[in-house]
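Colleague: quick one, what's the 3D model for this:
(2 chains)
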Amino acid sequence: METFLFWLFATGAVLSAFFVVFPPFPNARAPIHSAISMVVCFFFVAALYAMLSAHLLAILQVLVYAGAIMVLFIFVIMLLNIEQDEKEEIQIKFMKVLGGALAFSTTFGVVTRLRAPEALDPINAQLVEALADPKTYGNIDTVAKLLFNRYLLPFELTSILLLVAMIGAVIIAKRDPRSTFMPEALKQQLYRQRHGKTVHEGSTKATRVSPPSNAGDHH
Amino acid sequence: MTIGLTHYLVLAAVLFGIGSIGVLVRRNAIVVFMCIELMLNAVNLTFIAFSRFRGTMDGHVIAFFVMAVAAAEAAVGLAIILHLFRTRKSLNVDEANLMRH
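Modeller: Here you go, the predicted structure:
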């Protein structure tokens, strides 16, 4: 039964991870498809955590990853509202081929050579059960005891990290009224990248990013 | 056939490889970001598998920290993507190359 469940969850996780990178419908490369596949992948990984009797981590995976982080992703995707549907054709360049080959060969090498140490790869499940008490292993109580004793300092540092990240996100994402006008050089370069020619005088106003004072901000 | 540590490690390596290939191949900034989250997840799976088969629980705490870092990274990274889209009107990471020139 455990074997069957492992193969089920592992296949699901790998398939949905693959669909994140290469969405199954080739005409719809919108990021929202990748996001949905990502949520499915997180659920499969959470099931694998539960199989490894990391109950708290399985719940946190669903809450934090599939809940908070993916909602943030989908929120940003909806907020950006990409109309032109970004026809993203996958360009093949030499460095990309080299990098992809290196990544593939590294993964292949790891997968084919990987063996767990003998002591850590028990033949029967009894050794695993002997190592860990199934009553206490992986539940909130035990993790909390570790978290507030041995790992107290990193835990407190995590709170500072989250605070700094929150302040940083607010500052970065805040609409700066001075930056709504692009420098002329950047405007020219953007226009050249899009249309292959330079901006002529009449269209300068059209390439402005957003109105300098938009009433939408105050609502 | 019992499922051992090797199975979990190979699965995590495959997930990590898919994530890294996604970072290399896709050019949409949001999808690149999701692939990074995928790689972080694969590392978490390794931590938890090791701690399970060693009988200790330290890996759980480390995975907890990795989750916190991933959440912070998602907040800051999506703010950067938002800003990038606002100034460049594009999410293509190849076009955001002003720092290179």
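Colleague: switch to C-alpha atoms for all contacts and neighbour counts from now on
Modeller: Noted.
Colleague: shaky segments in chain B?
Modeller: Applying pLDDT under 70 to chain B picks out residues B:1, B:99-101.
Colleague: those helices in it, which residues are they?
Modeller: B:5-25, B:29-54, B:58-88 (DSSP state H).
Colleague: tell me which of those sits nearest to residue A:59.
Modeller: helix B:58-88 (11.3 Å; Cα to Cα).
Colleague: now that closest one: how far from the chain's centre is it?
Modeller: Averaging C-alpha positions (Cα atoms, centre = their mean, to the nearest Å) puts helix B:58-88 9 Å from its chain's average.
Colleague: tell me what the helix or strand encompassing residue A:147 is packed against?
Modeller: If you go by DSSP states H and E, residue A:147 is part of helix A:140-149. Under the contact criterion of 3 or more Cα pairs under 8 Å, 6 or more residues apart in numbering or on different chains; DSSP states H and E, helix A:140-149 touches helix A:55-60, helix B:58-88.
Colleague: quick one: is the first one near chain B?
Modeller: The one in question is helix A:55-60. Yes. Under the criterion of Cα under 8 Å from any Cα of the partner chain, chain B is reached by helix A:55-60 at residue A:57.
Colleague: residue B:45 contacts residue B:12, doesn't it?
Modeller: Yes. Counting by Cα atoms under 8 Å, residue B:12 is a contact partner of residue B:45 at 6.2 Å.
Colleague: now stretch A:69-78: buried residues?
Modeller: A:69-70, A:72-74, A:76-77 (16 or more other Cα atoms under 10 Å in any protein chain shown).
Colleague: quick check: mean pLDDT across that stretch?
Modeller: Averaged over stretch A:69-78, pLDDT sits at 89.
Colleague: likewise for stretch A:188-205?
Modeller: What stretch A:188-205 shows for mean pLDDT is 62.
Colleague: what about residue B:29, how many residues close to it?
Modeller: Residues near residue B:29, counting by other Cα atoms under 10 Å in any protein chain shown, number 22.
Colleague: err, residue A:141, not the other one
Modeller: Residue A:141 - counted by other Cα under 10 Å - has 12 other residues nearby.
Colleague: gap between it and residue A:154?
Modeller: Look at residue A:141 and residue A:154: by Cα to Cα, to the nearest Å, they are 18 Å apart.
Colleague: work out for me the element residue A:156 sits within.
Modeller: helix A:152-173.
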